[in-house]
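> Return a 3D structure for these sequence lines:
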Amino acid sequence: MLLCNYTDVYYNEKITSRLSFMPATATRIEFERFLLLEGDVIITKDSESWNDIGVPACVDESLSDVVCGYHLCLLRPKKDILNGLYLLRALQSVGVREQLWMAARGVTRFGLGLDGIKSLEFPLPPLPAQKAIANFLDRKTAAIDALIEKKEKLLELLAEKRSALINQAVTKGLDPNVPMKDSGIPWLGEIPEHWESKPSKYVLDFVTSGSRGWSEYFSDFGSIFLQSGNLVGNLKVDFDNVQRVEPPQNAEGARTRVRVGDVLVCITGGLTGNVGIVEGVPEVTFVNQHLGLLRPVKNEIDSKFLALQLASLVGQLHFQMVQYGGTKKGLSLTDLKNVGLAVPPITEQFSIVEAVENQLARISMARDKSESQISLLREYRQSLITAAVTGQLEIPTEEYE
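Just a heads-up that it's a prediction; the model follows:
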């Protein structure tokens, strides 16, 4: 026997035999009660987020060995009154989604009871009209989804281009014809002949991480206390959504205080290896124990060049190779001090950073445009479903055939 679980429903509008279901066991009564039949609709009824409640999927074919899993609710329409594919679209419409969110209960985890599901109200046209609406929306949403998929693939290509651009610039330089030499570091390979290959500790003035136990000093109005979540990608540090802290007046505060030009690296948890550069400090700021703080030696290495190299493919490869722990990944301060760097003369570093920033700006513009288009397509998809279900659209006659 197989189990249709939460993620099968959450990530698929249609449940078919092509999905990879997980093995399971059930009693005979459970098997008969929760067996998936064509036209059934399954919705998510538990989630850590209120807006993930009631995500629907329709069973596209009867599955003789698949049952509905945990944290899901199985809805079986009366076939002479309600079409399953129409019910799927009705549950995706704005008005019904809002009813589901309102019916959800919880604080840190949200759940939807049977009473909330049974009390849902939605338009119920004649069965032929339901089928026509479902056919129309299947065709239209498939076209929209294909456009979204193309835009998402473009985002992937832009991300790959960005990584390749950074890696090439900070390890090989801007001149493709410059003489090369072996760096002595296997994963770094060849570097320009006039560059130096050295551990990061030789170009760092100071390396530290935040103090432990400062949670007791959390405050609504204190200084900024940066955490791993503040390294938001693209070498950015988010100073807007921050924890506040009022630390004790001792050396720990001086040691972990952030300065302009510092480079921050996440050293524990799921974001390990994320890099951010402090280009400005709006007010007194400290780092917590999940962040490593690297302070470059002036005139030896530029902060932006260092951040780019740590965030490059070779920098991230180093972090992956030295991470310790089993279920918990992490970097030590020693790891941060021994990153193998390719270091050009300081003036060349400035030129590389300027060239990279100019090219990244163009990539960023293309990425922002694609993300905006994806957002608009998803909004259009949602509004189209709602308009069709609520009778605001005239469905073509061929959809009734």
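> now the helix or strand hosting K131, how far from the centre of its chain.
Assigned by DSSP states H and E, K131 falls within helix 127-172. Averaging C-alpha positions (C-alpha atoms, centre = their mean, to the nearest Å) puts helix 127-172 15 Å from its chain's average.
> Give the next helix or strand downstream of that helix.
Using DSSP H and E, the helix or strand that follows helix 127-172 in sequence is strand 180-182.
> Each with direction, which strands does that next one pair with?
Strand pairing for strand 180-182, determined by DSSP bridges: strand 190-192 (antiparallel).
> List the buried residues of the next helix or strand after the partner strand.
Toward the C-terminus, strand 190-192 is succeeded by strand 196-199 as the next helix or strand (DSSP H and E). Buried residues in strand 196-199, counting neighbours by 16 or more other C-beta atoms under 10 Å, are found at K198. Where you see a C-beta, it was placed from the backbone N, CA and C, and this is true even at glycine.
> quick one: average pLDDT of strand 196-199?
Averaged across strand 196-199, the pLDDT comes to 94.
> Give me the helices and strands touching that strand, please.
Contacts defined by 3 or more C-beta pairs under 8 Å, 6 or more residues apart in numbering; DSSP states H and E place strand 196-199 against strand 340-343.
> continuing past the strand it packs on, what's the next helix or strand?
Strand 340-343 is succeeded, C-terminally, by helix 346-389 (DSSP H and E).
> quick one, that following helix and helix 127-172 angle?
Angle, helix 346-389 to helix 127-172, by axes from the mean of the first three to the mean of the last three C-alpha atoms, to 10 degrees: 180 degrees.
> for helix 346-389, the distance to its chain's centre please.
15 Å.
> Now that helix: average pLDDT?
96.
> Next: stretch 48-55.
83.
> Now do the end-to-end distance for it.
Counting by C-alpha to C-alpha, to the nearest Å, the length from the leading to the trailing residue of stretch 48-55 is 13 Å.
> so how far is it off the chain centroid?
Mean-position distance between stretch 48-55 and its chain equals 17 Å (C-alpha atoms, centre = their mean).
> what comes into contact with it?
Applying C-beta atoms under 8 Å, 6 or more residues apart in numbering, the external contacts of stretch 48-55 come out as 9-10, 43-47, 91, 96-97, 100-101, 103-104, 106, 108-112.
> The same query, at a cut-off of 7 Å, please.
9-10, 43-45, 47, 91, 97, 100-101, 104, 109-110, 112 (C-beta atoms under 7 Å, 6 or more residues apart in numbering).
> tell me which residues in it are buried?
By neighbour count on 16+ other C-beta under 10 Å, the buried set for stretch 48-55 is 50, 53-55.
> quick one: which of those is nearest R255?
Among those, W50 lies closest to R255 (C-beta to C-beta), at 41.0 Å.
> what about the closest one, distance to R105?
Taking C-beta to C-beta, to the nearest Å as the measure, W50 falls 10 Å from R105.
> got it, and R244?
Using C-beta to C-beta, we find R244 at a distance of 31 Å from R105.
> How about V287?
Separation of V287 from R105 (C-beta to C-beta) stands at 38 Å.
> which one of these two has more residues nearby?
V287 (25 against 13; other C-beta atoms under 10 Å).
> wait, L204 sits on G292?
No: in this structure L204 lies outside contact range of G292 using C-beta atoms under 7 Å: 10.6 Å.
> I am finished for the moment; much appreciated.
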